[in-house]
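Undergrad: Whatever this is, show me its structure:
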Amino acid sequence: MDGRKILMIYLISINILTFLIFGWDKMQARRNRWRIAERTLFLSVILGGGLGGIAGMKVWRHKTRKGVFRYGIPTIVSLQGAAALYITFFME
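TA: Have a look, this model is predicted:
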């Protein structure tokens, strides 16, 4: 398997996982049960699950009032996208 295919599988997997983590945390919040740490949510986004995080926020309506999530996650996704474009077009 080549590197691009491995990267695509990884990114799809981490985004699905991040989406599910946001949903799980929302369900736990509704039940007043043990929650997933915010740093874990952010870590999953930083590790490449940004689109899953944004989708999870929208679908589950979770963490949308917290500015650090509302602005932080799109900022992380934008920076990752810019880095990907730079690597793709300007690095040999």
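
Undergrad: Go through whichever strand or helix holds Leu20 and flag the buried ones.
TA: For Leu20, the element it lies in under DSSP states H and E is helix 3-30. Buried residues in helix 3-30, defined by neighbour count with 16 or more other CB atoms under 10 Å: Leu11, Ile14, Asn15, Thr18, Phe19, Ile21, Phe22, Asp25, Lys26. Bear in mind the C-beta positions are built from the backbone N, C-alpha and C, glycine included.

Undergrad: Repeat that for stretch 37-51.
TA: Leu41, Phe42, Ser44, Val45, Gly48, Gly49, Gly50, Leu51.

Undergrad: Packing partners of the helix holding Leu20?
TA: Counting contacts by 3 or more CB pairs under 8 Å, 6 or more residues apart in numbering; DSSP states H and E, helix 3-30 packs against helix 38-44, helix 50-60.

Undergrad: when you compare where it runs with where helix 50-60 runs, what's the angle?
TA: Note on geometry: by axes from the mean of the first three to the mean of the last three CA atoms, to 10 degrees, helix 3-30 and helix 50-60 are set 30 degrees apart in direction.

Undergrad: Closest to Met57 out of the buried residues of helix 3-30?
TA: Phe22 (6.4 Å; CB to CB).

Undergrad: sorry, back to before: would you turn the buried residues of helix 3-30 into a markdown table with pLDDT and distance to Met57?
TA: Formatted as a markdown table, those follow (pLDDT from 0 to 100; distance: CB to CB, whole Å):
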| residue | pLDDT | distance to Met57 |
| --- | --- | --- |
| Leu11 | 96 | 18 |
| Ile14 | 98 | 16 |
| Asn15 | 98 | 13 |
| Thr18 | 98 | 10 |
| Phe19 | 99 | 10 |
| Ile21 | 98 | 11 |
| Phe22 | 98 | 6 |
| Asp25 | 98 | 11 |
| Lys26 | 96 | 9 |
